[in-house]
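Colleague: build me a structure from this.
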Amino acid sequence: MRGAPEDGRSLLQLSEVELNVAPRPYLVTRRWVKEKYLEWGPTSPLWQSRVMGEFPAEGHDTLIPLALIEAAQARVLRAGSPVELGVDVGWFGDDASVIALRRGPVVEILDVAHKTDTMATAARVAHALSRHTDITYARVDSVGVGAGVVDRLRGDNLPVVGLNAGWSARDGERFANARAEWYWGLRERFEAGDIALPRDDELAAQLASLRWRPDARGRVTIESKDDMRRRGLGSPDKADAVMMAFAPLGSGTAKFKVWHDPETERFNRALDNEFYPPGLRHLKDANLLEMGF
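Modeller: Predicted structure coming up:
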């Protein structure tokens, strides 16, 4: 590993004092190298280019090349509309809850929180909505614990849309599911130069690490989080939040509608049928009670 001591130990075995020592004058410290190893992972294009000094090992299965990501970080575009939030919901594990703001083509990461429950995440989203009053919708990952965040925000009559990456794609002949279609649309924005990113190395590393492949029918699929973990990478929480901020609200048809009229209760019950199918409906009351609803 670049910057490792000459006695054969790895950077992960060094003491705090040794980590603060640069192996050569005017170079980065070993601590920085260790932090980036843990943050990006050894297979990340950012690790390969910025630490190892090598050209990234990008192949035909790279979703968004690092060069396009770095160009988006250097790009200056005018903020515009639509104004949307993308929210990737973590919980008490290693995954983070991330809130990304999109103003037209311009991206900002508003909030990153670790080990927060659904009530705290819903409060953070509500705070972002109160600070940025021109937001059309908060698009929230509604898979798993994210459903509790959606329910809570909807109960407060806030403009929230639940997104499920497993939904069918609008173009089912080309994409295996909605997640593949949404991420491919994001890739096309990078290719067209129609996105401006903050200089956030973690976001860049997550985007650059995404891979795609065709399934048995030739449709586009995006590498799963489990497969990314097997490659030594963490969950792409920031990347997912940005992807959801740009996801077109046409996939999933009526599931995207947000009601503010007497039909609200009927619509919420229809969504409940999706999250808690017959035979598992009893889990909803138990889950909401545990989350404080």
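
Colleague: for the stretch 1-150 of the chain, which residues score under the pLDDT cut-off?
Modeller: Using pLDDT under 70 as the threshold, the predicted model of the stretch 1-150 of the chain has low-confidence ranges 1-59, 92-93.

Colleague: give the buried residues for stretch 87-105.
Modeller: 87-91, 95-105 (16 or more other Cβ atoms under 10 Å). Using the backbone N, CA and C atoms, a C-beta is placed for each residue, glycine as well.

Colleague: for stretch 173-182, same thing?
Modeller: Buried residues in stretch 173-182, counted by 16+ other Cβ under 10 Å: 175, 176, 177, 178, 179, 180, 181, 182.

Colleague: tell me the one of these nearest residue 243?
Modeller: Proximity of the buried residues of stretch 173-182 to residue 243 was ranked by Cβ to Cβ; the top entry is residue 182 with 5.3 Å.

Colleague: ok, that closest one - contacts?
Modeller: Counting by Cβ atoms under 8 Å, 6 or more residues apart in numbering, residue 182 touches 165, 243, 244, 246, 247, 248, 251.

Colleague: can you give me the strands for the stretch 51-200 of the chain?
Modeller: Read by DSSP state E, counting those that start in this stretch, the stretch 51-200 of the chain holds these strands, from start to end of the chain: 83-88, 96-103, 106-114, 137-141, 160-163.

Colleague: partner strands of the last one, with direction?
Modeller: Read it as strand 160-163. When pairs are called by DSSP bridges, strand 160-163 turns out to pair with strand 137-141 (parallel).

Colleague: could you give the angle of the partner strand to strand 83-88?
Modeller: When axes from the mean of the first three to the mean of the last three Cα atoms, to 10 degrees is applied, the directions of strand 137-141 and strand 83-88 differ by 20 degrees.

Colleague: care to break the chain down by domain?
Modeller: With domains defined by automatic domain parsing, the chain comprises 11-40, 66-291.

Colleague: possible to save these as a markdown table with distance to residue 60?
Modeller: As requested, the domains of the chain are exported to a markdown table (distance: least, Cβ to Cβ, whole Å):
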| stretch | distance to residue 60 |
| --- | --- |
| domain 11-40 | 22 |
| domain 66-291 | 9 |
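
Colleague: need the winner for burial among the ones you listed.
Modeller: Per-stretch averages of neighbours, counted by mean count of other Cβ atoms under 10 Å, single out domain 66-291 among the domains of the chain, with a mean of 18.

Colleague: one step back: can you redo the contacts of residue 182 as CSV with distance to residue 131 and pLDDT?
Modeller: CSV is the format used below for those (distance: Cβ to Cβ, whole Å; pLDDT from 0 to 100):
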residue, distance to residue 131, pLDDT
165, 27, 91
243, 22, 97
244, 19, 97
246, 21, 97
247, 22, 95
248, 25, 88
251, 28, 46
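
Colleague: just those residues now: which is nearest residue 72?
Modeller: So of the contacts of residue 182, ranked by how close each gets to residue 72 (Cβ to Cβ), first place is residue 246, at 12.3 Å.

Colleague: returning to what we had before: can you tell me which of the buried residues of stretch 87-105 lies nearest to residue 127?
Modeller: Closest to residue 127 out of these is residue 99 (9.2 Å), distances taken as Cβ to Cβ.
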